[in-house]
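Peer 1: task: produce atomic coordinates for the following.
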Amino acid sequence: MATLADIAREVGVSNKTVSLTLRGKRCSSEETAKRIYEVAERTGYLQKYATRTSNLEQFAFIGFIADHVATSPYSVELLRGAQAEALEHGRILLVGSLETDTQNLVGICRMFRAYKAAGYIYASRYRQYINHSDALGQESVVYMNCTPVNARGKIILPDDEEGGFLQASHLLELGHRKIAVISLPHEDPATSLRLKGISKAMAKQGLSLSSDMCHLGVSGYFDVGETYIAYDKAKEVLSAPERPSAIICGNDRVAMMVMNAALDLGLRIPDDLSIIGFDDFKTISEHVRPQLTTVRLPYYEMGRRAVSEIVQGESEASFVSLIRCELIRRNSCAPHPF
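Peer 2: Sure thing, here's the model as predicted:
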């Protein structure tokens, strides 16, 4: 039976590179990683590597493919929720982290298959469309915070439309009528959904969301590079003769920039301007002053639901499940001063 050192010699890499690659870590080129897996499979080493955990045979494994999730402060709750649900069911979560869209994805899936994982979860740090069905194969897959292109599957997403509805409804209940929006890029699928929710809330009050009150707080997008321009845009909006009494923000980082712009213009928050964010990124929302009213993305609940789908083995081959967002009231919003 081949050893790790045998594989390293045949491929021409170090023992450490082989070990890390078989654990789904990125430490070599895609061609080298592919070669390592081919040799490990041909020699039977990969099967032996998986059976080393035979003392844990009473547990089932669940594969978790993390598209930057493990290192993203905005979405680490996806992983935390999945881990909590897995532990409750006596399951072990195998995590493979991607640094790019396809980096070592095939190798990670091979590792999961070697451990006979009950299913895979593909989790994205931001809502997007992905096309990885070929690499993921025919295994049971739950897509979390993303939607597969040209493939059916179990899809779990935050209800972004409801989130926008909650943002606008809260400000309308406080009496605000002149409301501006400083949003995320239009390329972000969440943006149009949140704007739809905002428009629905305003329509219930007989109001409409005019295009001249909607502004971008971010230029560019993740894949092509993004630049936050919310501070300058907020100064422009708040310097207009008919400035808004409240601003809905695309995320908490945008909200923080809007707050800074308002304060630099001598405006008091929330006395002169109410501001509401999105995400509930606590590093911002709980530490700015005043603390930020925001809508919490249900990442923890989404993680739990994804694992539950794998464990329960629901018969439905595909579905889209929207998980409710939550309004978090703090101190950055106040009643409109009539």
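Peer 1: mind listing what's buried along the helix ranked longest in the chain?
Peer 2: For the chain, the helix with the greatest residue count under DSSP state H is helix 189-204. Neighbour-count burial for helix 189-204, counted by 16 or more other CB atoms under 10 Å, picks out Pro189, Ala190, Thr191, Leu193, Arg194, Leu195, Gly197, Ile198, Ser199, Lys200, Ala201, Met202. Quick note: C-beta positions are derived from backbone N, CA and C, even for glycine.
Peer 1: other residues contacting that helix?
Peer 2: By CB atoms under 8 Å, 6 or more residues apart in numbering, the residues outside helix 189-204 that reach it are 126-129, 147, 158, 160-169, 172, 179, 181, 183-186, 208-209, 214, 248, 250, 278.
Peer 1: would you list the buried residues of helix 189-204 in TSV and tack on pLDDT and distance to Ala86?
Peer 2: Converted to TSV, the buried residues of helix 189-204 look like this (pLDDT from 0 to 100; distance: CB to CB, whole Å):
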residue	pLDDT	distance to Ala86
Pro189	90	28
Ala190	93	27
Thr191	96	32
Leu193	97	29
Arg194	97	31
Leu195	97	36
Gly197	98	32
Ile198	98	36
Ser199	97	39
Lys200	98	36
Ala201	98	37
Met202	97	41
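Peer 1: as JSON lines, these with distance to Ser274 would be great.
Peer 2: Listed next are these as JSON lines, based on distance: CB to CB, whole Å:
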{"residue": "Pro189", "distance to Ser274": "27"}
{"residue": "Ala190", "distance to Ser274": "22"}
{"residue": "Thr191", "distance to Ser274": "21"}
{"residue": "Leu193", "distance to Ser274": "22"}
{"residue": "Arg194", "distance to Ser274": "17"}
{"residue": "Leu195", "distance to Ser274": "19"}
{"residue": "Gly197", "distance to Ser274": "18"}
{"residue": "Ile198", "distance to Ser274": "14"}
{"residue": "Ser199", "distance to Ser274": "19"}
{"residue": "Lys200", "distance to Ser274": "20"}
{"residue": "Ala201", "distance to Ser274": "15"}
{"residue": "Met202", "distance to Ser274": "15"}
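Peer 1: what is the mean pLDDT for the helix or strand containing Val307?
Peer 2: Assigned by DSSP states H and E, Val307 falls within helix 299-312. In this model, helix 299-312 has a mean pLDDT of 93.
Peer 1: again, but for stretch 64-73
Peer 2: Averaging pLDDT along stretch 64-73 gives 74.
Peer 1: distance between the longest helix of the chain and the chain's centre?
Peer 2: 20 Å (CA atoms, centre = their mean, to the nearest Å).
Peer 1: now do stretch 331-338
Peer 2: The chain centroid and the centroid of stretch 331-338 are separated by 31 Å under CA atoms, centre = their mean.
Peer 1: the strands in this structure, which residues?
Peer 2: 61-67, 92-98, 120-130, 141-148, 154-158, 179-183, 214-216, 218-221, 225-228, 246-249, 274-279, 293-296, 319-323, 326-328 (DSSP state E).
Peer 1: pick the most deeply packed of these.
Peer 2: Comparing those by mean neighbour count (mean count of other CB atoms under 10 Å), strand 246-249 comes out on top with a mean of 30.
Peer 1: for that strand, name the packing helices and strands.
Peer 2: helix 160-173, strand 179-183, helix 230-238, helix 252-264, strand 274-279 (3 or more CB pairs under 8 Å, 6 or more residues apart in numbering; DSSP states H and E).
Peer 1: what pairs with that strand, and is each one parallel or antiparallel?
Peer 2: Using DSSP bridges, strand 246-249 pairs in its sheet with strand 179-183 (parallel), strand 274-279 (parallel).
Peer 1: identify all contacting residues around it.
Peer 2: For strand 246-249, the external contacting residues (CB under 8 Å, 6+ apart) are 164, 167-168, 171, 174, 176, 178-183, 198, 217, 230, 234, 237, 255, 258, 273-278, 333, 336.
Peer 1: quick one: average pLDDT of that strand?
Peer 2: 98.
Peer 1: kindly report the same for stretch 158-174.
Peer 2: 98.
Peer 1: for it, buried residues please.
Peer 2: Applying 16+ other CB under 10 Å to stretch 158-174 flags 158-172, 174 as buried.
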